[in-house]
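Peer 1: need a 3D model of the following:
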Amino acid sequence: MAHALDPRPAVQTGHNRPDLDTPEIRQARVDLAACFRMAAKHGMHEGICNHFSAVLPGHDDLFLVNPYGQAFSEVSASSLLVCDFHGNVIAGQGQPEATAFFIHARMHMRVPRARVAFHTHMPYATALCMTEGEPLIFAGQTALKFYGRTKVDADYNGLALDHAEGDRIAASVNDADIIFMRHHGVMVLAPTIAEAWDDLYYLERACQVQCIAMATGRKVMPVPQQIAEATYAQMREGDRESARLHLESCKRQLDREQPDYRF
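Peer 2: A predicted model of the protein is given here:
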């Protein structure tokens, strides 16, 4: 299912061997590695497919991404690649998976607010990408965190193995943070790694309980619009700090159970 990225031709990039060992970059590596490990722990991964990326602190033309061939449970801070938007690996061993490059490079390039992009085929959210109508019904409180923040990319076009498909996906985003990719999976866009993780985690939880509710065969009742809007506003207050604390909690768990993620 996963594909190797063809070797890139030499391109004049302009970054000219940047300093990639700053405290900010080191922290981004640790935080992103923690997200991979926690996603694996919660069953939100799929073999050696799926990918998380983050624009490199201080370098808007570079991004961190997982290397082709590593499962989420194997990713560590040092194994993450630094790539540019042309497909050149600036730091790290290996290459990004092909669809990871074509989706994430074009997303970061075309949607500058998307400093972080997480793409998974996590089961409950992906299941709802396969159903008729809007994926989220907004019937549960957790789902209201995403009220008004979702978009459906209904134009599934096979694997993203070229710039054109990456550009098409990026153009479908508009102002959404959560993209349900029909027949495919989901993408979460965020300004920080912590916020991306927080959204990814709670999105799958919201989709899980909706799938359970739908499985009863009884009608799933959405929250009335006025209450949904008000609850969403309540949830968004302090959301960035809540996300930061959530990720810190995850790192403490990993420090006890899988401390090698930091290295």
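Peer 1: gap between Leu56 and Phe180?
Peer 2: For Leu56, the distance to Phe180 equals 28 Å [Cβ to Cβ, to the nearest Å]. (C-beta placed from N, C-alpha, C; glycine too.)
Peer 1: one more: Gln253?
Peer 2: Gln253 sits 29 Å away from Phe180, going by Cβ to Cβ.
Peer 1: which intervals of the protein have sub-threshold pLDDT?
Peer 2: Where the chain drops to pLDDT under 70, the residues are 1, 7-17.
Peer 1: all helices of it, in order?
Peer 2: When assigned using DSSP state H, the helices of the chain occupy the ranges 23-41, 98-110, 123-129, 163-171, 193-215, 225-236, 239-257.
Peer 1: is Leu81 bridged to anything, and to what?
Peer 2: Leu81 forms beta bridges with Val65, as assigned by DSSP bridges.
Peer 1: for the remainder of this discussion, apply numbering that starts at 792.
Peer 2: Okay, residue one is now 792; in that scheme the one you just asked about reads as Leu872.
Peer 1: so it touches Gly860, yeah?
Peer 2: No: look at Leu872 against Gly860 with Cβ atoms under 8 Å: they stay out of range, at 11.4 Å.
Peer 1: out of these two, which sits in the busier spot?
Peer 2: Leu872 (21 against 12; other Cβ atoms under 10 Å).
Peer 1: show me the contacts for that one.
Peer 2: When contacts are counted by Cβ atoms under 8 Å, 6 or more residues apart in numbering, Leu872 touches Leu855, Val856, Asn857, Pro858, Val880, Ala882, Gly883, Gln884, Gly885, Gln886, Pro887.
Peer 1: and for the fourth one, nearest residue in space, chain neighbours not counted?
Peer 2: This means Pro858. Closest residue in space to Pro858, ignoring its immediate chain neighbours: Gly885 at 3.8 Å, by Cβ to Cβ, 6 or more residues apart in numbering.
Peer 1: measure the closest residue to Ala891 other than its chain neighbours to Met898 for me?
Peer 2: In this structure, Ala891 finds its nearest non-sequential neighbour in His842, 3.8 Å apart by Cβ to Cβ, 6+ apart. In this view, His842 and Met898 are 11 Å apart by Cβ to Cβ.
Peer 1: number of residues surrounding Ala899?
Peer 2: Not Ala; residue 899 is His. So His899, with other Cβ under 10 Å, has 27 neighbours.
Peer 1: how about Arg820?
Peer 2: Counted with other Cβ under 10 Å, the neighbours of Arg820 add up to 25.
Peer 1: that one reaches Leu855, doesn't it?
Peer 2: Yes: between Arg820 and Leu855 there is a contact at 6.6 Å, judged by Cβ under 8 Å.
Peer 1: now do the shared contacts for Leu872 and Gly860.
Peer 2: With Cβ under 8 Å, 6+ apart, Leu872 and Gly860 have common neighbours Gly885.
Peer 1: list the residues that contact Phe863.
Peer 2: Phe863 neighbours (Cβ under 8 Å, 6+ apart): Phe827, Arg828, Ala830, Ala831, Met835, His836, Asn841, Asn857.
Peer 1: recalculate using a threshold of 7 Å.
Peer 2: Contact partners of Phe863, counting by Cβ atoms under 7 Å, 6 or more residues apart in numbering, are Phe827, Arg828, Ala830, Ala831, His836.
Peer 1: can you tell me how far it is from His912?
Peer 2: 12 Å.
Peer 1: and stretch 974-985, what's buried?
Peer 2: Across stretch 974-985, burial judged by 16 or more other Cβ atoms under 10 Å covers His975, Gly976, Val977, Met978, Val979, Leu980, Ala981, Thr983, Ile984, Ala985.
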